[in-house]
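Student: no sequence for this one, just the structure:
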């Protein structure tokens, strides 16, 4: 990063390794990525992040157990993919309500968050008239 102002794509590999807090934080704070940032290794078990997120087209987190609702709301990417999240149904409900109240105006176009289980009744509580469940894939232009 000291040689260039930014790079378009960065993939931080090492699926079987756990990186240090400092290493993980470096990529979140200092790597100026314009298109695609993928962080595959796991941060330490007690990792937390309360900083801002860069505006990146695609953000992929291989181990997203540390991602909080506040983190998710602060992400400003077109595509967000998080594996192994510990977010719960009520947090997704709050996320959707926040997103809808802003008119869906965030940059997000695709969100994929892998969780162990969700209660869709809780996720869509008080949103029944604002959300349409779709069982099949739709493509919009």
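Tutor: Sure, I can see it. These numbers come from a predicted model, not from an experiment.
Student: what distance separates the start and the end of stretch 107-119?
Tutor: Length of stretch 107-119, first residue to last, CA to CA, to the nearest Å: 26 Å.
Student: roughly how far is it from the heart of the chain?
Tutor: 8 Å (CA atoms, centre = their mean, to the nearest Å).
Student: report pLDDT for the most centrally placed residue in the chain.
Tutor: The centroid of the chain falls nearest to residue 80 when counting by CA atoms, centre = their mean (4.5 Å). Here, the pLDDT recorded for residue 80 equals 94.
Student: is it fair to say residue 9 lies in a helix?
Tutor: No. In this structure, residue 9 is strand, not part of a helix, as judged by DSSP: H, G, I helix; E, B strand; the rest coil.
Student: residues making contact with stretch 51-67?
Tutor: 15, 28-29, 31-43, 47-49, 71, 74-87, 107, 113-114 (CB atoms under 8 Å, 6 or more residues apart in numbering). (C-beta placed from N, C-alpha, C; glycine too.)
Student: er, stretch 98-105 I mean
Tutor: 73, 106, 108, 127, 130.
Student: so which strand or helix has residue 97?
Tutor: helix 89-101 (DSSP states H and E).
Student: okay, buried residues for that helix please.
Tutor: Counting neighbours by 16 or more other CB atoms under 10 Å, one finds that the buried residues in helix 89-101 are 89, 91, 92, 93, 95, 96.
Student: from these, which is closest to residue 11?
Tutor: Using CB to CB, the shortest approach to residue 11 within those belongs to residue 95, at 26.4 Å.
Student: do I have it right that that closest one meets residue 69?
Tutor: Yes. Counting by CB atoms under 8 Å, residue 69 is a contact partner of residue 95 at 6.3 Å.
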